[in-house]
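**Q** With the input below, show me the fold.
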Amino acid sequence: MDTFSALAAQLRQTCPVLELREREPMARHTSFQTGGPVRLMALPKTEEEAAAGIKAAAALGITPFFMGNGSNLLVADQGVEVFLIKSVRGLERMEAGGPEKIEVGSGCLLSRIANFALERGLTGLEFAHGIPGSLGGGITMNAGAYGGELCQVVEHVTYLTPTGEMETIPRADCDFQYRRSAFSGGERLILRAGLALKPGEPGEIRAKMEDLAARRREKQPLGYPSAGSTFKRPSGHFAAALIESCGLKGASVGGAQVSEKHAGFVINRGGATSGDILRLTERIRETVLQKTGVALELEIRLLGF
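**A** As a prediction, the model looks like this:
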């Protein structure tokens, strides 16, 4: 029996309610709709189940990989020998934490959280309404759009340590930066976070959400699988403008293509592999560096490469 089989057997015995999947295809779990199987996946429904998974893995010397909605993840086609814990469709509790605060599970989608705030007349999350990721993934990368970032509303974060112990830290200790945070290293599983918002007029909040949604539909290739912006914004530049200036709009490798609608998006035109997508991003980076001297940095996370 290999280590992952031993882990699965142990978890089925000690935590029988925890949903486990072996050799689970990651194309079912990523917004690119690509990726081979992971050796073992856990989908905890509660914080206790998540802690059980981490503690059992630590006892066997296994380091888990944590994911949310897979909207910023590219997984190798051949699959990965890893124990993956997915929070979406599990850690999704939302509740009011006070007149202007909400407590949200890491598996909640950002769009759903924005609607939850709207229903309570709270403003500050309108920018997140169209981001397809989860709160946990969003905090990890300090997700943002249209001038808003999660660091602006996060008050505290509760997480599990690599040994499965629960801790809470305030925003000041989250080390939020552009598209990264103290959780970007992947050693800790975010369980939930407290968000501090402000009172707003529901009609105005809804109108702003609808305006941002319309702008996304107009400018972004929402009809194709992608991971949103493929590259981080380089200092003093815009990635899409650099890519377009290098004549790469519409460039393709296999089924992967630089979107003809927005050059900052690499999309799956149909039948793309993760290898196609990665090779196209490498071609983009090499060409942009050669022609402009600017080094683009991937915004998407890689697993198994």
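**Q** C-alpha from now on. contacts and neighbour counts both.
**A** OK.
**Q** Now residue 91: phi and psi?
**A** Main-chain torsions, residue 91, degrees, to the nearest 10: phi -90, psi 70.
**Q** And for the residue nearest to it when sequence neighbours are not counted, the neighbour number?
**A** In this structure, residue 91 finds its nearest non-sequential neighbour in residue 107, 4.6 Å apart by Cα to Cα, 6 or more residues apart in numbering. Residues lying near residue 107 (other Cα atoms under 10 Å) number 27.
**Q** Shouldn't residue 107 be within a helix?
**A** No. Counting by DSSP: H, G, I helix; E, B strand; the rest coil, residue 107 falls outside a helix, being coil.
**Q** Tell me who's in contact with it.
**A** With contacts defined as Cα atoms under 8 Å, 6 or more residues apart in numbering, residue 107 is in contact with 68-69, 87-92, 134-136, 191.
**Q** Just send those residues back as a markdown table, with secondary structure and neighbour count too.
**A** Output for the contacts of residue 107, formatted as a markdown table (DSSP: H, G, I helix; E, B strand; the rest coil; neighbours: other Cα atoms under 10 Å):
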| residue | secondary structure | neighbour count |
| --- | --- | --- |
| 68 | coil | 28 |
| 69 | coil | 23 |
| 87 | coil | 30 |
| 88 | coil | 25 |
| 89 | coil | 15 |
| 90 | coil | 19 |
| 91 | coil | 25 |
| 92 | coil | 21 |
| 134 | strand | 27 |
| 135 | helix | 32 |
| 136 | helix | 31 |
| 191 | strand | 25 |
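**Q** Flag the least confident of the residues you listed.
**A** Lowest pLDDT among the contacts of residue 107: residue 89, with 87.
**Q** For residue 222, see how far away that residue is.
**A** For residue 89, the distance to residue 222 (Cα to Cα, to the nearest Å) stands at 23 Å.
**Q** And residue 283, by the same measure?
**A** 23 Å.
**Q** Residue 122 now?
**A** Separation of residue 122 from residue 222 (Cα to Cα) stands at 27 Å.
**Q** between the two, who's got more neighbours?
**A** residue 122 (24 against 14).
**Q** Next, residue 237: phi, psi?
**A** phi -140, psi 170.
**Q** Kindly give the local confidence score, pLDDT, for it.
**A** The model's pLDDT for residue 237 equals 94.
**Q** how many neighbours does it have?
**A** Burial measure for residue 237: 10 neighbouring residues, criterion other Cα under 10 Å.
**Q** and the helix or strand bottoming out on mean pLDDT in the chain, what does it pack onto?
**A** Here the helix or strand of the chain ranked lowest by mean pLDDT, DSSP states H and E is strand 94-98, holding a mean of 88. If you count contacts as 3 or more Cα pairs under 8 Å, 6 or more residues apart in numbering; DSSP states H and E, strand 94-98 packs onto strand 101-105.
**Q** Who does the strand it packs on pair with, and is each partner parallel or antiparallel?
**A** If you go by DSSP bridges, strand 101-105 pairs up with strand 94-98 (antiparallel), strand 189-196 (antiparallel).
**Q** did I read that right, residue 222 in a strand?
**A** No. Counting by three-state DSSP, residue 222 is located in no strand; its state is coil.
**Q** Neighbours of residue 270, how many?
**A** 13.
**Q** My guess is residue 3 contacts residue 57. True?
**A** No. Using Cα atoms under 8 Å, residue 3 is not in contact with residue 57; the gap is 9.4 Å.
**Q** And those two? Which one has more around it.
**A** When residue 3 and residue 57 are compared for neighbours, residue 57 comes out ahead with 24 against 12, by other Cα under 10 Å.
**Q** Give the buried residues for the least confident helix or strand of the chain.
**A** residue 94 (16 or more other Cα atoms under 10 Å).
**Q** how distant is that strand from the center of its chain?
**A** Here the centre of strand 94-98 is set off from its chain's centre by 23 Å, with Cα atoms, centre = their mean, to the nearest Å.
**Q** Please identify the helix or strand for residue 159.
**A** In this structure, residue 159 is located in strand 154-160 according to DSSP states H and E.
**Q** Next SSE downstream of the strand or helix carrying residue 13?
**A** Applying DSSP H and E as the criterion places residue 13 in helix 3-14. Per DSSP H and E, the first helix or strand lying C-terminal to helix 3-14 is strand 19-25.
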